[in-house]
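Novice: Below are the sequence and a predicted model for it; my questions follow.
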Amino acid sequence: MGTDALSAPQQAAIDVIETFGAHNYAPLPVVIDSAEGVHLTDTDGRRYLDCVSAYSAMNFGHRHPALVAAAMDQLGRVTLTSRALYSAPFGPFVESLAALCGKSMVLPMNTGAEAVETAIKTARKWGYEVKGVAPDRATIVVMRGNFHGRTTTIVSFSDDPDARAGFGPFAPGFVSVPYGDADALDAAITDDVVAVLLEPIQGEAGVIIPPAGYLRRVREITRGRGVLMIADEIQSGLGRAGETFACDREGVVPDIYVVGKALGGGIVPVSAVVADADVLGVFRPGQHGSTFGGSPLACAIGSAVVALLSDGEVQARSRAGGARFRAGLQPLLDQGLATDIRQAGLWLGVDVAPALGAASDLCHGLMARGVLAKDTHGQTIRFAPPLVISPGQIDEVVGHTLDAFCQADAARA
Ligand SMILES: *Cc1c(COP(=O)(O)O)cnc(C)c1O
């Protein structure tokens, strides 16, 4: 698959990055200089449609005016106090986020992995103090194929060899079951189990949607067995899957929501654990914290993000846009160029037919046509454009995608 040659300045910029930056990512060969809405512009002035959205951290598009205004206003007041002091934007943020989630308490952190760690600590402490689990016995059931972040504890229960290998010793206290299999989950619950941690749709695994009714059964099982249900909605939430939360697709309310990514509006990292006071109330002063978590700047932006989600318009756009995108890609399945397409809102996983090559080759072909999308797990392309993408822009992405697949098909002959 041919791609346009990189300009000398872009190649030079990449060389510096690859020389001095650690090699923990394999980026597309493009150096971004500016962005607005659904568009990214490289240092040569070439414009691309963004279908990565910084792994769904940019749900509202680049430099959304309301989010930039909230940030600018807060930059002119105070940006960080630490939690040693109360700050004015903190209250409105936690109150509005709790309301969005239908819960009564919020614990703000920064990155997604930190919020997952916070949820794990919450569940363990709840297990010992409320459920009465014996000391150091608390167990959390997780799902095969999960992705919850990169800390040492979290990679301990990953089954991705790249995420794990070389990073042991691993933390105990987790058992994993096949994703989508409610009976296996039920069978894994012992007296020591305090929580089930899952992504309602697995993002990094390739937009894997569990069978219909699965989340409802997880809810019934966890409720029946006195175990917390923790939904990691860091990537699936805040409109991405066509609802405020992917759990809403089945009308399920978990005990704990873990949110991040888009909560920071793509400006600063903002994450949070959201639950009722009978769960999050286990923390007392000194038992958990973060210097930057809940900073005034984060809270001001987080409040503006919650406001953008409050009338349901973004969620409706995600649903309608996603359906249009999915319908547009149907020829890929009909012609055998893709082996599966999974879609929830403006979130699509397209499995490239192996004969066409690797998904990364197709992503290079898309880039040459002005669409930035990234492969995940070898054979899948994930499309996650900003939710503000217009129907016309969706059609543009679909057209380029069909072209890129057809060219890959022609090239193999
Ligand atoms: C991205 C992601 C995380 C980790 O978030 P970071 O901000 O990168 O630490 C955790 N869970 C899910 C489902 C994610 O997609």
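Specialist: Yep, that arrived.
Novice: mind checking how far the spatially closest residue to residue 205 that is not a sequence neighbour is from residue 351?
Specialist: By the measure of CB to CB, 6 or more residues apart in numbering, the closest residue to residue 205 outside its immediate chain neighbours is residue 145, 4.2 Å from it. No exception for glycine: its C-beta is placed from N, CA and C like everyone else's. Counting by CB to CB, to the nearest Å, the separation of residue 145 from residue 351 is 14 Å.
Novice: cool, and residue 139?
Specialist: In this structure, residue 139 lies at 34 Å from residue 351, with CB to CB as the measure.
Novice: just residue 399 next, same as before
Specialist: The spacing between residue 399 and residue 351, counted by CB to CB, is 20 Å.
Novice: more neighbours, these two?
Specialist: When residue 399 and residue 351 are compared on other CB atoms under 10 Å, the one with more neighbours turns out to be residue 351, at 20 against 13.
Novice: three-state assignment of the more buried one?
Specialist: The three-state label for residue 351, taken from DSSP: H, G, I helix; E, B strand; the rest coil, comes out as strand.
Novice: What residues are bridge-paired with it?
Specialist: residue 340, residue 380 (DSSP bridges).
Novice: Next, count neighbours for the residue nearest to residue 74 when sequence neighbours are not counted.
Specialist: Computed as CB to CB, 6+ apart, the closest residue to residue 74 that is not its neighbour in sequence is residue 300, at 3.7 Å. Using other CB under 10 Å, residue 300 has 29 neighbouring residues.
Novice: State whether residue 300 is indeed within a helix.
Specialist: Yes. The assignment for residue 300 by three-state DSSP puts it in a helix.
Novice: For it, give its distance to residue 72.
Specialist: Using CB to CB, one obtains 10 Å as the distance from residue 300 to residue 72.
Novice: likewise residue 118?
Specialist: For residue 118, the distance to residue 72 under the criterion CB to CB works out to 29 Å.
Novice: Looking at these two now, which is surrounded by more residues?
Specialist: Set side by side, residue 118 and residue 72 show unequal neighbour counts under other CB under 10 Å, the larger going to residue 118 at 24 against 10.
Novice: who in the chain is up against the ligand?
Specialist: If contact is defined as CB under 6 Å from any ligand atom, the residues of the chain in contact with the ligand are 55, 111-113, 116, 147-149, 199, 203-204, 232, 234-235, 260-261.
Novice: cutoff 5 Å now
Specialist: Taking CB under 5 Å from any ligand atom as the measure of proximity, the chain contacts the ligand at 111-113, 148-149, 199, 203, 232, 234-235.
Novice: can you count the residues close to residue 176?
Specialist: Residue 176 has 18 neighbouring residues, counting by other CB under 10 Å.
Novice: oh, I was asking about residue 324
Specialist: Residue 324 has 16 neighbours, counted by other CB under 10 Å.
Novice: On the three-state scheme, the residue of the stretch 151-300 of the chain found nearest the ligand is what?
Specialist: Going by CB to the nearest ligand atom, the ligand is nearest to residue 235 of the stretch 151-300 of the chain, at 3.2 Å. Assigned state for residue 235: coil (three-state reduction, three-state DSSP).
Novice: That one - nearest residue in space that isn't next to it in sequence?
Specialist: The spatially closest residue to residue 235, leaving aside those adjacent along the chain, is residue 203, at 3.8 Å (CB to CB, 6+ apart).
Novice: what's the burial count for that neighbour?
Specialist: Under the criterion other CB under 10 Å, the count of neighbours that residue 203 has is 25.
Novice: list the contacts for the closest residue to the ligand within the chain?
Specialist: When you check the chain against the ligand by CB to the nearest ligand atom, the closest residue turns out to be residue 112, at 2.1 Å. For residue 112, the contacting residues are 148-149, 232, 234-235, 258, 260-261, 271, by CB atoms under 8 Å, 6 or more residues apart in numbering.
Novice: Surely residue 319 and residue 239 touch.
Specialist: No. Here residue 319 lies out of contact with residue 239, judged by CB atoms under 8 Å, at a distance of 9.3 Å.
Novice: Residues in contact with both of these two, list them for me.
Specialist: Contact criterion CB under 8 Å, 6+ apart; residues shared by residue 319 and residue 239: residue 345.
Novice: These two: who's more crowded?
Specialist: Comparing residue 319 with residue 239 by neighbour count (other CB under 10 Å), the higher total belongs to residue 239, at 28 against 19.
Novice: which secondary structure element contains the nearest residue to that one once chain neighbours are set aside?
Specialist: In this structure, residue 239 finds its nearest non-sequential neighbour in residue 314, 4.5 Å apart by CB to CB, 6+ apart. Assigning secondary structure by DSSP states H and E places residue 314 in helix 313-328.
Novice: tell me what that helix is packed against?
Specialist: Identification of packing neighbours for helix 313-328 by 3 or more CB pairs under 8 Å, 6 or more residues apart in numbering; DSSP states H and E yields strand 338-343, strand 348-352, helix 391-412.
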